[in-house]
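> Just need the structure, nothing else, for what follows:
(one chain, ligands or ions: 1)
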Amino acid sequence: MSELILHHYPTSPYAEKARLMLGFKGLSWRSVSIPPMMPKPDLTALTGGYRKTPVLQVGADIYCDTALIARRLEQEKTQPALFPQHLDAVISGFAAWADTQVFPRAVSLVFQPESAAVRFARFTEEQRQAFLADRAKLFSGGNAQRVPLEQASVEWGAIMARLERQLSHAEGDFLLGEATYADFALAHCLWFLKGTPVTAPLVDLYPEAAAWVGRVLGFGHGASSELSAAEAIEIARAGTPAALPEGPADQGPLVGQAVEVAATDYGVEAVAGTLLYCGAEELIVQRQDPRAGTVNVHFPRLGFRVSPAGA
Ligand SMILES: N[C@@H](CCC(=O)N[C@@H](CS)C(=O)NCC(=O)O)C(=O)O
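Got it, this is the predicted structure:
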């Protein structure tokens, strides 16, 4: 069986979400370091243009977005379950709220001037400007809105108060008793704030939430060993994409056609290829790459648009 390969960098909150899910499942994986900003030629040789962090590779199959990476890890090892079936819709809905409401507020708080000064302390002025320009580009063309700091500050208290209230009445150590995807979909936002003493109090002032995030981080990262980007590309080139999932799939007019798939929120670079599969949770696009060969790139069904090539 092909190894799990995570393309990521240490300071990325969504990468931390993926690393913690690997730890929760007790999985072994290979770790490929990617740059925190564009260009990322080795990553996009695999994805075809998708640039966000992290990306999971399994042989010649490439999984974009942690919402889908979580489901791929569940397939790899069913227990402990991230998505107990009787809670799937509730957990997925909660995660979408964390992505669209909580994470943007955490970003606004983390990049407020006093906090950014600490984070960028080791950057030269040129590196700082390059990073800011990269992030401005990341947010152009999508429907995600940056949250003003004043708004984020006021709303953060409401988010944490809710969390504190729920956790103080929880029937177990985690949001829904046992740990599920819901915990991982939120905890990385708090991990992000805990990264510097400027923003850590925004978590630590809430004792139940702080203890809970400590328990989620306690799952660790599983067992990883380094792999170079060149080796990862060679693994894709030498591999054959996995058989398409069994079970019901939509036979929409675009299946079998040349398409472009792109996130709708931010990081909206389109990936071009042939739409092979459109299932309940994923879209699969096949593309040929001069370096990576034939690869199947998988995207979540929600939050991505599919259009005919060149439309
Ligand atoms: N919906 C995506 C969000 C990923 C995301 O926003 N990642 C950030 C890093 S935490 C990113 O891609 N930043 C720009 C970059 O790394 O180039 C997911 O769940 O994977």
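
> Let me see the contact set for the residue positioned nearest the centre of the chain.
Closest residue to the average C-alpha location of the chain: Thr66 at 3.3 Å, with C-alpha atoms, centre = their mean. Applying C-beta atoms under 8 Å, 6 or more residues apart in numbering, we find Thr66 in contact with 14, 17-18, 21, 54, 185. Using the backbone N, CA and C atoms, a C-beta is placed for each residue, glycine as well.

> which of those lies closest to the ligand?
Of all the contacts of Thr66, Tyr14 has the smallest distance to the ligand: 3.8 Å, by C-beta to the nearest ligand atom.

> now, which of the contacts of Thr66 lie within helices?
14, 17-18, 21, 185 (DSSP state H).

> how about the strands of the stretch 201-311 of the chain, start to end?
In the stretch 201-311 of the chain, the strands defined using DSSP state E, counting those that start in this stretch lie at 223-226, 258-263, 271-278, 282-289, 293-300, 304-308.

> Contact residues of the chain facing the ligand?
Contact residues (C-beta under 6 Å from any ligand atom) of the chain with the ligand: 12-14, 36-37, 51-53, 65-67, 99, 138, 267.

> Could I get the buried residue list for the longest helix seen in the chain?
Assignment by DSSP H gives helix 149-168 as the longest helix of the chain. Buried residues in helix 149-168, counted by 16 or more other C-beta atoms under 10 Å: 152, 155-156, 159-160, 163-164, 167.

> Packing partners of that helix?
helix 103-110, helix 201-204, helix 207-217 (3 or more C-beta pairs under 8 Å, 6 or more residues apart in numbering; DSSP states H and E).

> And the average pLDDT for that helix is what?
Throughout helix 149-168, pLDDT has a mean value of 98.

> same deal with stretch 177-193?
Averaged across stretch 177-193, pLDDT comes to 98.

> Equivalent analysis for stretch 279-298, please.
Stretch 279-298 shows a mean pLDDT of 97.

> got the end-to-end distance for that stretch?
Using C-alpha to C-alpha, to the nearest Å, one end of stretch 279-298 lies 11 Å from the other.

> For that stretch, buried residues please.
By 16+ other C-beta under 10 Å, the buried positions in stretch 279-298 come out as 279, 281-287, 289, 292-293, 295-298.

> Equivalent analysis for stretch 210-221, please.
Of all the residues in stretch 210-221, those buried under the rule 16+ other C-beta under 10 Å are 210, 212-213, 216-217, 219, 221.

> starting at the chain centroid, how far to that stretch?
Centre-to-centre, stretch 210-221 and its host chain are 18 Å apart (C-alpha atoms, centre = their mean, to the nearest Å).

> export it as CSV, just CAs?
This file holds the C-alpha atoms of stretch 210-221, laid out as CSV (Å, rounded to 0.1, in the frame of the first residue of the first chain):
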residue,chain,number,x,y,z
ALA,A,210,-7.6,25.9,27.1
ALA,A,211,-7.8,22.5,28.7
TRP,A,212,-9.7,21.1,25.8
VAL,A,213,-7.2,22.4,23.2
GLY,A,214,-4.5,20.9,25.3
ARG,A,215,-6.2,17.5,25.0
VAL,A,216,-6.6,17.8,21.3
LEU,A,217,-2.9,18.8,20.8
GLY,A,218,-2.1,15.8,23.1
PHE,A,219,-3.0,13.5,20.2
GLY,A,220,0.4,14.5,18.7
HIS,A,221,1.3,14.0,15.1
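
> hmm, who's touching it?
Contacts with stretch 210-221, where a contact means C-beta under 8 Å, 6+ apart, come from 19-20, 22-24, 163, 167, 173-175, 179, 183-184, 187, 190-191, 194, 203-204.

> Buried among those residues? Make that a ChimeraX selection.
Burial among the contacts of stretch 210-221 is assessed by 16+ other C-beta under 10 Å; the matching ChimeraX selection reads:
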select :19,20,22,23,24,163,167,174,175,179,183,184,187,190,191,194,203
